[in-house]
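Chemist: just need the structure, nothing else, for what follows:
(one chain, ligands or ions: 2)
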Amino acid sequence: MTPQRQMLFGLLHGNGVHPTAESLYAAAREQMPTISLRTVYQTLNDLEAMGEIHQLDVGTGSSRFDPNTDAHHHLVCERCGKVRDIYADFPGLTVPRGRAQGFAVNAVEVVFRGVCDECRDETVPKRKEVNG
Ligand SMILES: [Zn+2]
Ligand SMILES: [Zn+2]
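Modeler: Numbering: from 1, shown residues only. Ligands and ions are numbered 1, 2, ... in the order given. Below you'll find the predicted structure:
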């Protein structure tokens, strides 16, 4: 493993926030000031090709990187782009009979979209205490 790979793998290991390449670049530069964004992208692609991480597009504008290579699903905040893992089985979730269009389905990934707790707190007006 190159030092760049080792560092990025270290930044992602146990990291549940599904960071973007840009945010990983910012963190990587603190440890390796000469690293370029291009190297970060390339290294992330290498790690994905090696099966060490997953790259996912959940519609937040940038690819997200996930060290969690077990089958799981995601919760996505439509306001701030926060992504969290969900481990759950959806045993009834199959392509309806006659709709598979010749596909043999190997995996199912579910994205639940909504608003996270932090964004919800921002929209709920704080109750004002009125004294006299
Ligand atoms: Zn949010
Ligand atoms: Zn994930």
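
Chemist: make it CA atoms for all contacts and neighbour counts henceforth
Modeler: Will do.

Chemist: helix, strand, or coil at the closest residue in space to Q55 that isn't next to it in sequence?
Modeler: If you skip the residues right next to it in sequence, Q55 has F65 as its closest partner in space, 4.7 Å away by Cα to Cα, 6 or more residues apart in numbering. When the structure is split into helix, strand and coil by DSSP: H, G, I helix; E, B strand; the rest coil, F65 lands in strand.

Chemist: pretty sure Y25 sits in a strand.
Modeler: No - when the secondary structure is assigned by three-state DSSP, Y25 falls in helix instead of a strand.

Chemist: give me the most central residue, the protein.
Modeler: Centroid-nearest residue in the chain: H18, 3.1 Å away (criterion: Cα atoms, centre = their mean).

Chemist: near ligand 1, anything from stretch 71-83?
Modeler: Yes - for a cut-off given as Cα under 5 Å from the ion, stretch 71-83 has contacts with ligand 1, namely C77, C80.

Chemist: isn't the residue nearest to the centre of the chain right next to S63, touching?
Modeler: No - because the distance of 9.1 Å does not satisfy Cα atoms under 8 Å, H18 is recorded as not touching S63.
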